[in-house]
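Enquirer: sequence first, then the predicted structure, then my questions.
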Amino acid sequence: MPRYEFRCRTCDDTFEVSRPMAESSAPADCPAGHADTVKLLSAVAVGGTSSAPAPAGGGCCGGGGCC
């Protein structure tokens, strides 16, 4: 289940809520009980290496057809 990060505007606390994607924009009360919260944008870090071969033609704009 996805986790969404919120910040309380009253006490400035940040907290996470696990909920289905269908409820991602639903409001969430902070753990202290305050209702004035805002959903934060989360940055997703993806790392590692790929075993896929490089595209033919020298990359994206080298004739590969993606531009």
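Expert: Nice, thanks for sending it over.

Enquirer: give me phi/psi at Glu23?
Expert: With angles defined as degrees, to the nearest 10, Glu23 sits at phi -110, psi 20.

Enquirer: which one is Pro31 nearest to, not counting chain neighbours?
Expert: Once flanking residues are discounted, Pro31 sits nearest to Phe15: 5.6 Å by C-beta to C-beta, 6 or more residues apart in numbering. (C-beta placed from N, C-alpha, C; glycine too.)

Enquirer: pull the contacting residues for that neighbour.
Expert: Applying C-beta atoms under 8 Å, 6 or more residues apart in numbering, we find Phe15 in contact with Glu5, Phe6, Cys8, Ala28, Cys30, Pro31.

Enquirer: now, of those residues, which are buried?
Expert: Buried members of the contacts of Phe15, counted by 16 or more other C-beta atoms under 10 Å: Phe6, Cys8, Ala28, Cys30.

Enquirer: for these, give me a markdown table that also has pLDDT.
Expert: Listed next are those as a markdown table, based on pLDDT from 0 to 100:
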| residue | pLDDT |
| --- | --- |
| Phe6 | 96 |
| Cys8 | 97 |
| Ala28 | 95 |
| Cys30 | 95 |
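
Enquirer: check those and tell me the two furthest apart.
Expert: The distance between the two most remote of these (C-beta to C-beta) is 9.4 Å, for Cys8 and Ala28.
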